[in-house]
Structure formats: C-alpha cells, structure tokens
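Colleague: Below are the sequence and a predicted model for it; my questions follow.
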Amino acid sequence: MFGMVLAETLMNFNPLHTLTRYLALAAWLILALGCASSALAGSTFTGIVSAGNRNPSTGAGLDEKKDLTVKDAVRLALLRNPELAAFHKEIRALEGATLQAGLLRNPELSVNVENVGNMGAVQRASTPPGATIKETVEQQDVIIRLNQLIELGGKRAARVNAALLGEELAGKDFETKRLELIAGVAHVFTEVLAGQEQLRLAEESQNLAQRVVDTVRKRVQAGKVPPIEETKVGVAFSTTRIAVGQAQRELAAARKRLALLWGNSSPEFGKALGDLESSVALPTLGVLVERVLSSPMADRAQKGIEHRKALLEVEQTRRVPNLTVGGGMIKHWESGGTTGVVSISMPLQLFDRNQGNLREAHQRVDKALDEQAAIHLQLQTELVQAYEALSAGQNEINILRTEILPAAKSAFEVTNKGYELGKFSFLEVLDAQRTLFQNQLLYVRALASYRQLVNEIERLAAKPIDSISSELTIIDGGLNSYEE
C-alpha cells in the first residue's frame, strides 16, 4: 500500500511547490464560496456553508460519510502533519543562515577627540598675587577613522559552501521524514483495513454462533438433547459478543491513530478502502540492497560527510589572519590644519592558531564517516530482516489460503450439518466453529503483516517494489517514474 502512493509523492519533494498548490486551492475555494453566497440560497447555500465552516483541524474538510483511500490519507498527512511542517520551517531558517554567511563585514567608523577641555591655570611671576591667566596647555585634535576588515584565505566562500551544504542536509532530513510519514500512514491504514476485516469476521462468527444456538434450541425443544446444551451454547454465543466488542475497539483505535497523523483528534471519514490480499513480485535481495544504499537515508549520511568536510575547510581558513585597513583624518582645532591617517593591522598568531577547532573538525569528519558505515549496516540489516519475514509471510499466506481455510470451513459446515442430523456432538460443533474463526483471524493478520513488511521495504528503498521489478527489464533513469 505504501507503493501505491509513493510513486505519486516522492518527486513532489519541493515543499514550496506543495505549499503553492495548497494556497491556490484555498483561494479557489474562497472564491467559489463567495460566488455561491451571492448567487444561491436555500439548501445549496446551506450545504456549501456547512462544508466551508468545518473546523480546519478536522481533516481539511473531509466529509464524515466519505470513504477514504490510502492516497487521500497520505495527501492529508503531507499537508497537515505538524512534525513535517517543522522540518519545512528548518529548511527556510537555513536559507537565512546561508544568506548571512555570504554577507561582507560592516565597516567601522570611529571618532576620537584628544585633549578635551585640557585647559590649565598658570600663575606667572609678574602677575599680582591672587590673579591667574588661563592658557592652553595642549592642542585639541579630532580624529575620524574608517576601518574595514578584509577576510583572507577564502573564509567567506568556505562559510557559504558550508551553509549551502547544511541547507541540503536539512532537505535530506525533510525527504527522509516525508518517506517515514508516508510509510507510517500506509502502516496505520493497513491496520484500519485489518480491523475492518476482523470486525466483519467477528460479526460473521457471531452469526454462525446464532445458527448453532437456533439448531440447539430446536433439538432441545424436540427432546433430542438435554437442556444443558442450550446453556452451553449460550455461553459460547456470549463469547462471540465479546469478540465483536474487542474488534470494534481495535478498529476505533486504529482509525484514531490514522486521523492523528494529519492532526485530527477524531476520525472524520467513513470506510477505509483497500485490498489486503494484493501481492507484489519481490525482486532479489541484491537488487533491493543496491536501491537501499542509494535511498535518501543513505544520501543523508553522505551529505553529512560533505557538510563536515565543509566545516573543516571553514576552520582551516581561520588559520589565515585577516587584515584591517583603515583611513581617516586628524583635525587640529588650534592650528586649523588637517592631516590624513592610514593604518593597516593584522593579528600575530603566536598562540592561537585555531588548533583546537581544527582538531575537533577533523574528528567530526571521522565521526561522520563512521556514522555512514553504521547507517549502511543498519539499513541492510533492516532490509534483510524485512525481506526474510516477507518471504516467510508469503509462504504462510499461501498455506492458509489454499489449505487451512478451505479445510476449516468445510469441517465446520460438515460438523454443523452432522449435528443437525445427530451424527456429531455439540462440543465438536463448537470446536469446528472456533477453529474456523481463529484461522480466519490468523489469515487477516498474516495479510496485514505482509502489507506492512512491503511498506517497510519500500520505505527503505524509497521506491515501490513494482517499480524496482520493472527496472530489471526496462532501464529507466533516475526518479522520473515518481512524477505525477
């Protein structure tokens, strides 16, 4: 089920494009609502307003009676999932960081006044006692300087490159989260489908139990069996009621988990539509391993190495000292003259040569390499486990479908008919009914587990299994098959 929608959504990775389409749709809806409100009245107007006034947090206006497909569920989750929106905001934030990294340093303006108010009282010998003459002791100067820091060694280019790679790394995180969200929706949607089927089987088992109750009641009334058997069959019927209630609760919980993926606290959809019994042609393990090692999760690890190397380059450029160039003038107020000033300065890197930051950056690169190896190992391990479980699940489903279920159903029908004719006991009927119901539940759970394993493999490969299989005969370049 993950593969049904992954091909339509993976290439729509650009979040700005998705947001633009969503805003355009919203604008169209507002325009339609305005036209309807001015031209229509009565029931049509009421229907439009009731649909438009739906709480926006309840599934983007999804009709409560409308059935839901997995594609609908994925679209709602991609539009409204808050965690995915947070990754989108991070990308936009890093765009600002990239812009900031490429800006030049601001010049520095300084104005200094020397010998401000430096006037002293001087007593001369010819001056009468008690009299003083004020004279200027020092000349006052006004110094105006303009300094500009000049970064050497390619510092600004290295910062911009590191910021761009950080932005690309965030994009890989967004893409990985997007795939995880699609797989999560498909996983929970499968649980809803399985819950619906389990509820149907529980209700069917209850109907079968009711048939047994009716048969036993007739035989008791005819005096063919003791009344105690009617009591026993009543207990068995109560057990089926418990099974129906449990299936209803499990289905309600699965529906709520699905709605929460697009920020809805309660399900606002009807029945989930899908086929649990669909199967896929599984490629060889080697082909899948190759796909997994080129998936966005693996690319994210490679991009992390490139980002760390770019940060190392930034630290290496910091070993080159910068120049500060200055120029200005000095105004001599007493003499009325003006002189120019030119300066150039450079730090002497006698002690701090950025040794510590360089060592840290080297270790971060080595760490990123180790993380890439660990991620490749983790992805291959998860793929092998899912692949082996899927192969075993296929075998289990085939056995249940072709051997166990037909035999259990036939045994129940024969036993029930034989009980009506007095050839089998009541306990044999109950045992046949219980066996049939348990194997039907086992079959549904095996189908659900199979679909979820398919979803997991397609999440790891970032591509539908059917598309991977078709590539073995038709070589198609890149990810163009994902476009809508």
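Modeller: It's in.

Colleague: wait, isn't L199 in contact with R249?
Modeller: No. Using CB atoms under 8 Å, L199 is not in contact with R249, being 9.9 Å away. Yep, even glycine has a C-beta here, placed from its N, CA and C like the rest.

Colleague: Quick check: buried residues in the strand or helix carrying N439?
Modeller: When elements are defined using DSSP states H and E, N439 is found to belong to helix 426-461. Burial within helix 426-461, assessed by neighbour count using 16 or more other CB atoms under 10 Å, is assigned to 426, 429-430, 432-437, 439-441, 443-444, 446-461.

Colleague: average pLDDT across it?
Modeller: On average, the pLDDT along helix 426-461 is 90.

Colleague: now the helices: where do they sit in the stretch 201-350 of the chain?
Modeller: The residue ranges that make up the helices of the stretch 201-350 of the chain, judged by DSSP state H, counting those that start in this stretch, are 228-260, 285-292, 296-317.

Colleague: The first one: which residues count as buried?
Modeller: If you call a residue buried by 16+ other CB under 10 Å, then helix 228-260 has these buried ones: 229-230, 233, 236, 240, 243-244, 247, 250-251, 254-255, 257-259.

Colleague: Kindly report the same for the second one.
Modeller: Of the residues in helix 285-292, those scored as buried under the neighbour-count criterion (16+ other CB under 10 Å) are L288, V289, R291, V292.

Colleague: Can you name the next helix or strand after the lowest-mean-pLDDT helix or strand in the chain?
Modeller: Among the helices and strands of the chain, helix 43-52 carries the lowest confidence by mean pLDDT, DSSP states H and E, at a mean of 28. Moving toward the C-terminus from helix 43-52, the next helix or strand (DSSP H and E) is helix 70-80.

Colleague: Of the buried residues of helix 228-260, which is the nearest to G328?
Modeller: A259 (68.1 Å; CB to CB).

Colleague: now the nearest residue to the closest one once chain neighbours are set aside: how far from K66?
Modeller: Among residues not flanking A259 along the chain, P267 sits closest, at 4.4 Å (CB to CB, 6 or more residues apart in numbering). Taken as CB to CB, to the nearest Å, the spacing of P267 relative to K66 amounts to 11 Å.

Colleague: Skipping adjacent residues, who's closest to the residue nearest the centre of the chain in space?
Modeller: The chain has K177 as the residue nearest its centroid, 2.8 Å off, counting by CA atoms, centre = their mean. Spatially, and ignoring its direct neighbours in sequence, K177 is nearest to F87 (5.1 Å; CB to CB, 6+ apart).

Colleague: starting at the chain centroid, how far to the strand or helix carrying the one you found?
Modeller: Assignment of secondary structure by DSSP H and E places F87 within helix 82-101. A distance of 15 Å separates the C-alpha centroid of helix 82-101 from that of its chain, computed with CA atoms, centre = their mean, to the nearest Å.

Colleague: What of stretch 185-199?
Modeller: With CA atoms, centre = their mean as the basis, stretch 185-199 stands 21 Å off its chain's centre.

Colleague: same thing with stretch 351-359?
Modeller: Taking CA atoms, centre = their mean, one finds the center of stretch 351-359 at 38 Å from the center of the full chain.

Colleague: Pull out the buried residues from it.
Modeller: Neighbour count says stretch 351-359 has N357 buried, by 16+ other CB under 10 Å.

Colleague: Other residues contacting it?
Modeller: Stretch 351-359 is contacted by residues L312, E315, Q316, R318, R319 when judged by CB atoms under 8 Å, 6 or more residues apart in numbering.

Colleague: picking up where we left off before, and P267 and K66? which has more neighbours close in?
Modeller: Neighbours of P267 and K66, each counted by other CB atoms under 10 Å, are more numerous for P267; the result is 21 against 13.

Colleague: Got the confidence number for that one?
Modeller: P267 carries a pLDDT value of 87.

Colleague: and the residue nearest to A259, what are its phi and psi?
Modeller: In this entry, P267 is assigned phi and psi values of phi -60, psi 130 (degrees, to the nearest 10).

Colleague: tell me the contacts of it?
Modeller: Contact criterion CB under 8 Å, 6+ apart gives R255, K256, L258, A259 as the residues in contact with P267.

Colleague: Looking at the buried residues of helix 285-292, which one is closest to Q394?
Modeller: Using CB to CB as the measure, the one of these that approaches Q394 most closely is L288, at 15.1 Å.

Colleague: Quickly note the distance from that closest one to E382.
Modeller: The span separating L288 from E382 equals 11 Å under the rule CB to CB.

Colleague: Between these two, which contacts overlap?
Modeller: When contacts are counted by CB under 8 Å, 6+ apart, the set common to L288 and E382 consists of L460.
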